[in-house]
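K.L.:
Here is my input, please return the structure:
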Amino acid sequence: MEYSIEKMWKWGKPLPLLALPSGLPKMTPTNAPEGFMGSALNAKGVGTANAETVNDRAKLLMHRLIARRIRSRPDLIESAKIRIAQKRQAGPLFDYIPEWESLLSQDAETLCRSITSRGEAMVRLRLSSPLVDVVDFRDPQLRRRIWRKAKQGLR
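P.N.:
Below you'll find the predicted structure:
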């Protein structure tokens, strides 16, 4: 019997591991049959091409919440400065450390405008934000709401 990943997946049966011929290429999201790579992103109805965009939008939404918190409590910037200083002392100097130090040295309103901007530099910097502890994002309901809002913006 010939085993085809596409056929086995369409039939809804698990692919027997021993039946796989040797020399098959490693399956990645780019060469897998549509819907085969069962990641959380695909399970939630987001294609792999949009996954990065949804994540970027979710981080922007998170930083909007952070900016709102900072506006009411500017003292929270100090904890982010401490985290960046600890990262500087801990090991090799990453590109984002001086950039975050520069951002965190600004006044609270300028910082809030910067972290919520849609520019490429901030999209990159939000990936390594020292401000994520300003708002408690451990609540699963909050994370789901952010995720849904991020996805809605793409439709």
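
K.L.:
biggest helix in the chain, by residue count?
P.N.:
helix 48-72 (DSSP state H).

K.L.:
And the helices in the protein?
P.N.:
Using DSSP H, helices in the chain cover 5-11, 40-43, 48-72, 76-90, 96-104, 108-115, 120-125, 140-152.

K.L.:
Please work out the average pLDDT along stretch 148-155.
P.N.:
The predicted model assigns stretch 148-155 a mean pLDDT of 83.

K.L.:
Going by neighbour count, which residues in stretch 141-149 are buried?
P.N.:
Using 16 or more other CB atoms under 10 Å as the test for burial, stretch 141-149 gives Ile146, Trp147. All C-beta atoms are positioned from the backbone trio N, CA, C, and that covers glycine.

K.L.:
any residues touching it, and which ones?
P.N.:
Contacts with stretch 141-149, where a contact means CB atoms under 8 Å, 6 or more residues apart in numbering, come from Lys44, Val54, Arg57, Ala58, Leu61, Met62, Asp136, Phe137.

K.L.:
In CSV: these, plus pLDDT.
P.N.:
Shown next, in CSV, are those (pLDDT from 0 to 100):
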residue, pLDDT
Lys44, 50
Val54, 92
Arg57, 94
Ala58, 95
Leu61, 96
Met62, 96
Asp136, 90
Phe137, 91
